[in-house]
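Trainee: Below are the sequence and a predicted model for it; my questions follow.
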Amino acid sequence: MTAVEVKNLVKNYGDLIAVKGISFDINEGEIFGLIGPNGAGKTTTLRIISTLLTITSGSITVLGIDLKKKPEMIRKIISYLPEDAGAYKNLTGKAYLEFIANFYKQEKEKMVEKGIEIADLGTRINDKVDTYSKGMKRRLLVGRALMTAPKFAILDEPTAGLDVNNAQEIRNIIKNTAKKGTIVLLSSHNMLEVEYLCDRIALIDNGLIVEEGKPLELMNKYNAKNIEEVFIKVVK
Amino acid sequence: MSSLGNILLKEIKELMTPATFLPIIIIALVFGSMGGVIGGIEEEFQEPPTIALINSDNGKFSQIAANVFNQTSDVQFYSSDINDKNEALSNLKEKEGVALLVINQNFSSDIENGKNGTFEIYWVMQGGGILDSLSSSVVESLINFVDTSITKELISRNNGSINTTFVLKPTTRNETTYFKDKELKGISPGEIAGFLSQQSTFIPIIMMMIIIMAGQIVISSMALEKENKTLETLLTLPVKRTSIVAGKIIAAAIVGLILVVIYMFGMSGYLSSTLQLQTSATGASSFDLSLNSIDMILIGVVVFVSLVAALALCMFLGTLAKNFKSAQTLTFPIAVLVIIPMLLTMFKDFDTLPLTIKALLFGIPFSHPMMAPRALLFGDYILVFAGLIYVSIFALIMIFIVVWVFKTDRIVTGTTKFNLNKIFKKKIK
């Protein structure tokens, strides 16, 4: 069943057209990947869906809610993890999770406990964010993004800059979250990650979706060994 | 191209940005305009002072004094009738003159008898800035010249028994200064200017420090939110944009309020020790220039509202900042807007400025907390309340603009370019 519907989405920054009328759907419980090179329009699309940027034209509905008309309602059901996101450096990891939990109506203690569990930082959760490594910070932020049990999680390059171990752990966390019913939309440069994580993907290039489908189907269609090869063949 | 040339070219290209030159250009313009104002004062200083003279004495010494004044001043009103004082004063005020000098009937006879002749001086003070009291100091020097002339005359008559103390200082003064509808007996413009100059340097400098300090906190906080990418997260949480803006402004205002309380605490101590001006000389009537508790509250309100306006303006500038480094540059417009009124109020009184500079000073919201203490000291409530209303409106408009920016893409993209062609085309359509 379609949960997220993006129709003819266009985004202009002055004279620059960053997104040129893209359309795609995401089904309930699905992990959907948006893949493309730098400047293809991935982050812009994710920022629009997470209500950060306005729509130039087109429409987006999330679980039947029109994003253009009711962005406040969308914010109640989504969770957005920006690429290179940060946390308040003068707070401890736990205080940061508590600060975020205060914006939600659910039971705050349980929410924070869940965030701590996902972040899995041990006693370092009580240390200031300023003292965290990049991997620790990203785990905290993934914990922040998923502790609210969002109906729709939007993750921009969730494992960017992480070492193999940290990246692997975060991928598992995302997969488990989707199994519990959260719809996930993620963007990535990492084609192997996409292959491993996503139920369906859309290849975006120069503001346009150039191909869409299940990773395996696309590999078969283009007679490619992996998604990277698919992407190169499609863009050619 | 050599390696040195290559590096040199790259460095120059990096340094030749508007951010490098704009501050210096603005400072040059500010000092240029200040120079214009000071130049005008210098010309005024070189012109003979406008005075009114009543000489009701026909003696030798009054004649010496009258001659000095007639030769060196622009005497706009002359009379020999002591009852013409009021007419002379209103005439003097109308012509923006400096002083009414009254030579009493017994002036010459007193000097002949070895007593000090008395000048009654009614000063009309136009403003309280450092440069405003220059014209009165010219008249002061003329009176000293009269003293010297009388001294010469007395010495030329030397009969062997000279009272040097009297001869060297043959006249005394009874002074009254009219300043902003206040009659201050027994005090000269120089003394008032000396007292006010303490305020006109001390208070603006403190205000400048508070505004720049609080402003920097807000701009940096916005810049850090962007740099650390915490703002993007905040904007996607279930919280209204207006709550984010209100939260930030109220928090900054509370910190600002604490700063104001600290400021007022220090200032009330400062004012209570310096505002009580008492004259002790020759048993002249005592008077005081002081602020009552309502005045102090009013100053506090003006300072607070100006601080909110400054914070809202800083928050707007903060929305344009892309990172902490660019935030440092963005505090510059605030510093300029604070330094202009600081310098202007230091040198000139609001009332004595040319109309355009007056409009500029009034238009800068940070001028008002600098002007308010002096205005209240002389009961100029209209200027204070007009300023308060203006600054409140300015603050509200700025808050409205910030909320609007928070609802647009600009808060994320930091785009500041407006496509004028498009706006123009739309209007034509």
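Mentor: Arrived safely. Numbers count the residues shown, from 1 in each chain, chains lettered A, B, ... in the order given.
Trainee: which residues sit in contact with the closest residue to chain A within the stretch 101-250 of chain B?
Mentor: Residue of the stretch 101-250 of chain B nearest chain A, by C-beta to the nearest C-beta: residue B:228 (3.6 Å). For glycine as for every other residue, the C-beta is placed from the backbone atoms N, C-alpha and C. For residue B:228, the contact set (C-beta atoms under 8 Å, 6 or more residues apart in numbering or on different chains) comprises A:86-89.
Trainee: For residue A:163, see how far away it is.
Mentor: 22 Å (C-beta to C-beta, to the nearest Å).
Trainee: Residue A:194 now?
Mentor: Distance, residue A:194 to residue A:163, by C-beta to C-beta: 19 Å.
Trainee: for residue A:113, same thing?
Mentor: Counting by C-beta to C-beta, the gap from residue A:113 to residue A:163 is 27 Å.
Trainee: shouldn't residue A:126 be in contact with residue A:97?
Mentor: No - with contacts counted by C-beta atoms under 8 Å, residue A:126 stays clear of residue A:97, the gap being 11.2 Å.
Trainee: which residue sits closest to the residue nearest to the spatial centre of chain B in space, ignoring its chain neighbours?
Mentor: A centroid search over chain B (C-alpha atoms, centre = their mean) returns residue B:345, at 1.4 Å, as the residue closest to the centre. What sits nearest to residue B:345 in space, not counting adjacent residues and going by C-beta to C-beta, 6 or more residues apart in numbering or on different chains, is residue B:370, at 4.8 Å.
Trainee: do residue B:26 as well
Mentor: Nearest non-adjacent residue to residue B:26 (C-beta to C-beta, 6+ apart): residue B:336, at 5.3 Å.
Trainee: Assign a three-state SS to the closest residue to chain B within chain A, would you?
Mentor: Residue nearest to chain B within chain A: residue A:86 (3.6 Å; C-beta to the nearest C-beta). Of the three states, residue A:86 takes coil under DSSP: H, G, I helix; E, B strand; the rest coil.
Trainee: what do you get for residue B:178?
Mentor: Applying three-state DSSP: residue B:178 is strand.
Trainee: Which residue ranges of chain A form strands?
Mentor: Along chain A, counting by DSSP state E, strands occupy A:2-13, A:16-27, A:31-35, A:57-62, A:65-66, A:78-81, A:152-156, A:183-188, A:200-205, A:208-213.
Trainee: OK, contacts around residue 118?
Mentor: Going with chain A. Residues near residue A:118 by C-beta under 8 Å, 6+ apart: A:139, A:142-143, A:146-147, A:173.
Trainee: Chain B was what I was after
Mentor: Per C-beta under 8 Å, 6+ apart, neighbours of residue B:118: B:104, B:106-107, B:110, B:171-174.
Trainee: Give me every residue in chain A that's in contact range of chain B.
Mentor: A:13-15, A:47, A:50-54, A:72, A:75-76, A:78-82, A:84-89, A:100, A:103-104, A:141, A:144 (C-beta under 8 Å from any C-beta of the partner chain).
Trainee: Try it again at 6 Å.
Mentor: Contact residues, chain A versus chain B (C-beta under 6 Å from any C-beta of the partner chain): A:14, A:50, A:52-54, A:75-76, A:80, A:82, A:84-86, A:88, A:103.
Trainee: Could you list every helix and strand in contact with the helix ranked longest in chain B?
Mentor: Longest helix of chain B, by residue count under DSSP state H: helix B:189-227. The helices and strands touching helix B:189-227, judged by 3 or more C-beta pairs under 6 Å, 6 or more residues apart in numbering or on different chains; DSSP states H and E, are helix B:241-274, helix B:293-320, helix B:324-347, helix B:367-377.
Trainee: change it to 7 Å
Mentor: Contact partners of helix B:189-227 among helices and strands, from 3 or more C-beta pairs under 7 Å, 6 or more residues apart in numbering or on different chains; DSSP states H and E: strand B:117-125, helix B:134-156, strand B:171-179, helix B:241-274, helix B:293-320, helix B:324-347, helix B:367-377.
Trainee: Quick check: next helix or strand after it?
Mentor: Next helix or strand after helix B:189-227 toward the C-terminus (DSSP states H and E): helix B:230-235.
Trainee: Can you check the pLDDT for the closest residue to residue B:410 other than its chain neighbours?
Mentor: Of all residues beyond its chain neighbours, the one nearest residue B:410 is residue B:319 (6.6 Å), with distances taken as C-beta to C-beta, 6+ apart. pLDDT recorded at residue B:319 is 82.
Trainee: got it, and residue A:119?
Mentor: pLDDT recorded at residue A:119 is 90.
Trainee: what about residue A:135, neighbour count?
Mentor: 18 (other C-beta atoms under 10 Å in any protein chain shown).
Trainee: okay but it is in contact with residue A:164, surely?
Mentor: No - in this structure, residue A:135 is not within contact of residue A:164 by C-beta atoms under 7 Å, at 10.5 Å.
Trainee: Most neighbours among the contacts of residue B:228, which one is it?
Mentor: For those, neighbours tallied by other C-beta under 10 Å; top is residue A:87, 25 neighbours.
Trainee: Bridge partners for residue B:74, pull those for me.
Mentor: residue B:50 (DSSP bridges).
Trainee: wait, it sits on residue B:48?
Mentor: Yes - look at residue B:74 against residue B:48 with C-beta under 7 Å: they come within range, at 4.8 Å.
Trainee: Just list whatever residues bridge to the residue nearest the centre of chain A.
Mentor: By C-alpha atoms, centre = their mean, chain A has its centre lying nearest to residue A:155, at 1.5 Å. Taking DSSP bridges, one finds residue A:81, residue A:186 as the beta-bridge partners of residue A:155.
Trainee: Can you tell me which residues in chain B are near chain A?
Mentor: B:228-230, B:232-233, B:235-240, B:409, B:412-413, B:415, B:417, B:419 (C-beta under 7 Å from any C-beta of the partner chain).
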